[in-house]
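Engineer: Show me how the following folds:
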Amino acid sequence: MLLKYRTWLISIVTLLLIIIVRIPFLTQPLVGEEGTFAMLLTETKHPTVSVVDLPDSGLRSRCQLYVAKLAGVDYMATTDRNIFPYCFLSMVVNPATKIFYSEKLTFDQKTFHVRLVFLLITVVGFLSILILLVQSTKDVTISRFTVLNLLVLYAFTTPLLVGGSIQANLEGSIGVALFGLSSLIAYLGVYELRKNVSVYIFIAGFLISLGKNEWPLIALFTSFFYILVLQFLYRDAACSLVRKRQFSTALTYVFGLLAGILFCYLLSPKDYVDGYLLMRNMNGSHLPILGLVRATWSFLYPVAALVGFALFLYIIRFKKNFEYGPIIFIWLGSGIGMFTGFLNSGWIGDGFPRYFIPSVISLLPFLLIVLRETKRNKDVFLAAILLIGLMINGLSLAQSYLHRESITSVPGLSTIKLRSDTISLVGQNSADRNLIPFDHFAIRYYFPDADMVSNGMGLAGAKFILDKFGNQTMRIIVAPE
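Structural biologist: Residues are numbered from 1 along each chain as shown. Sure, this is the predicted structure:
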């Protein structure tokens, strides 16, 4: 009983440290797409118009993204991907948090409001992983449990996970929550409760499908690969029962994934299909692999280390690990698949590789399960490595904080310059309403009366909006380099 209390105490301390390290960054100005997601959490008092022909009512029209504001009218665009996460933010999170929001809040208070909301969503995933850790290590020594907590602390304090958890976007918040919850539910059903296992596994698969289009696709591929490998093992009659049980578990997970895909497709068929087209357009459309690695190395090397370590652990004890069943195989395969898939795509986006975050959350449960049974004489060595990693994480975050550099979108961007440029552009627009800022959409969030067009639309998209909805005297202005 005393050991149980100590494990919970250590995990609570770990969670507090994970949260504390993020507090200094909660007032970093929003940049890039973050303003668009911030608007999903607020109620606009202006008329709204879709930049594409859509009905004024219906689910799809309620989950669009803000892209411009001209002459007191907000303009919206479709998500072109699975709309469930966007509807969740606008129809569930928005009503739950809007009582704490007011347009009269200061610049920093508005930033804090948005970043805190996304951090709280992420905490759901953090808690899920920590609960899984406590539940899966009831019989380990306190030293091994401490090492596993250090592993979780290291992963969750890497610059990628810290930036992603406070970023107004999907991967680092809803992605972490979905993968964390899915892992916990699957673990409880298969390894703890051992009753109604199919229900738990089905729900675990269903949750993964509620996010980005690619997440359930990778999980499906991994599940089918497991089923294929299973046909070559346990072929003798004595093991037929084991093979049937594992086959059933994997197949139930597949049904959960497919049910989630169908659910999200039915919410908005066109947007869901467009999500696959977006995946195709992203694949290989930008940097070669080495270019992407070079540009984002400070964020990616911890993920690469976890991928390599997890794969090594699975291979050296393949038979034992395979006997654990399909769940840890799917966790491992999904983590590796997301890492290699996005690496191969060459997509760099705004410079912050948030697409790799779910890979970490998928790998962590696997590592926690497998490491609990490795030789205990490795505890000191593992703890030393993790402590060095934590020091590196701390130095990197401290440098970003002291230099006032963005740790989310456009990493390294001076947040002081970002704030002054935002205020300058709004000032020009206030003096002459025909001067339309072409910049990050957070301008609209911070200054509700300002006109602007999101630079996420590109120059061609901005010109289209001005030509269609503006007037001949309007022209774009941008912040100085």
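
Engineer: Check which helices and strands the helix or strand containing residue 112 is in contact with.
Structural biologist: Residue 112 belongs to helix 107-136 when assigned by DSSP states H and E. Other helices and strands packing on helix 107-136, by 3 or more C-beta pairs under 8 Å, 6 or more residues apart in numbering; DSSP states H and E, are helix 2-20, helix 34-40, helix 142-156, helix 159-166, helix 176-187, helix 357-371, helix 442-446. Just so you know, the C-beta spots here come from the backbone N, C-alpha and C atoms, and that holds for glycine as well.

Engineer: And the last one, what does it pack against?
Structural biologist: Contact here means 3+ C-beta pairs under 8 Å, 6+ apart; on that basis helix 442-446 packs against helix 34-40, helix 107-136, helix 415-431.

Engineer: Other residues contacting that helix?
Structural biologist: Residues outside helix 442-446 that contact it (C-beta atoms under 8 Å, 6 or more residues apart in numbering): 29-31, 34-35, 38-39, 42, 66, 69, 74, 107, 110, 114, 422, 425-426, 437, 450, 452.

Engineer: Please pick the buried ones from those residues.
Structural biologist: Buried residues within these, counting neighbours by 16 or more other C-beta atoms under 10 Å: 29-31, 34-35, 38-39, 42, 66, 69, 74, 110, 114, 422, 425-426, 437, 450, 452.

Engineer: Please name the residues that touch the residue lying closest to residue 146 once chain neighbours are set aside.
Structural biologist: Computed as C-beta to C-beta, 6 or more residues apart in numbering, the closest residue to residue 146 that is not its neighbour in sequence is residue 10, at 6.3 Å. Contacts here follow C-beta under 8 Å, 6+ apart; on that basis residue 10 touches 145, 146, 149.

Engineer: By neighbour count, which of those wins?
Structural biologist: Neighbour counts for the contacts of residue 10, by other C-beta atoms under 10 Å, peak at residue 149, which reaches 23 neighbours.

Engineer: Residue 62 and residue 40, how far apart?
Structural biologist: 10 Å (C-beta to C-beta, to the nearest Å).

Engineer: which of the two has more neighbours?
Structural biologist: residue 40 (21 against 13).

Engineer: which residues do residue 62 and residue 40 both contact?
Structural biologist: Contacts common to residue 62 and residue 40, judged by C-beta under 8 Å, 6+ apart, are residue 90.

Engineer: just to revisit the earlier point, among the helices and strands packed on helix 107-136, show the one with the smallest mean pLDDT.
Structural biologist: For these, mean pLDDT drops lowest on helix 2-20, to a mean of 86.

Engineer: Helix, strand or coil: sort out the closest residue to residue 430 other than its chain neighbours for me.
Structural biologist: Excluding its sequence neighbours, the residue lying closest to residue 430 (C-beta to C-beta, 6+ apart) is residue 450, at 7.1 Å. Following DSSP: H, G, I helix; E, B strand; the rest coil, residue 450 is assigned to coil.

Engineer: wait, isn't residue 450 in contact with residue 71?
Structural biologist: No - if you go by C-beta atoms under 8 Å, residue 450 and residue 71 don't touch, sitting 11.6 Å apart.

Engineer: just checking, residue 436 is part of a strand?
Structural biologist: Yes - the assignment for residue 436, made by three-state DSSP, places it in a strand.

Engineer: What is the neighbour count of it?
Structural biologist: Residue 436: 25 surrounding residues under other C-beta under 10 Å.

Engineer: Also residue 262?
Structural biologist: Neighbours around residue 262, by other C-beta under 10 Å: 13.

Engineer: Sticking with it, tell me its helix or strand.
Structural biologist: Residue 262 belongs to helix 240-267 when elements are defined using DSSP H and E.

Engineer: Distance from that helix to the middle of the chain?
Structural biologist: Offset of helix 240-267 from its chain centre (C-alpha atoms, centre = their mean, to the nearest Å): 23 Å.

Engineer: now for it, which elements pack on it?
Structural biologist: In terms of contacts (3+ C-beta pairs under 8 Å, 6+ apart), helix 240-267 is packed against helix 84-88, helix 197-208, helix 214-230, helix 269-282, helix 326-345.

Engineer: do that again at 10 Å, thanks
Structural biologist: Counting contacts by 3 or more C-beta pairs under 10 Å, 6 or more residues apart in numbering; DSSP states H and E, helix 240-267 packs against helix 84-88, helix 176-187, helix 197-208, helix 214-230, helix 269-282, helix 318-323, helix 326-345.

Engineer: Reformat those as CSV; add distance to residue 312 and mean neighbour count.
Structural biologist: Below are these laid out as CSV (distance: least, C-beta to C-beta, whole Å; neighbours: other C-beta atoms under 10 Å):
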stretch, distance to residue 312, mean neighbour count
helix 84-88, 33, 22
helix 176-187, 21, 27
helix 197-208, 25, 23
helix 214-230, 18, 20
helix 269-282, 29, 16
helix 318-323, 11, 13
helix 326-345, 11, 23
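
Engineer: Perfect, I'm done here.
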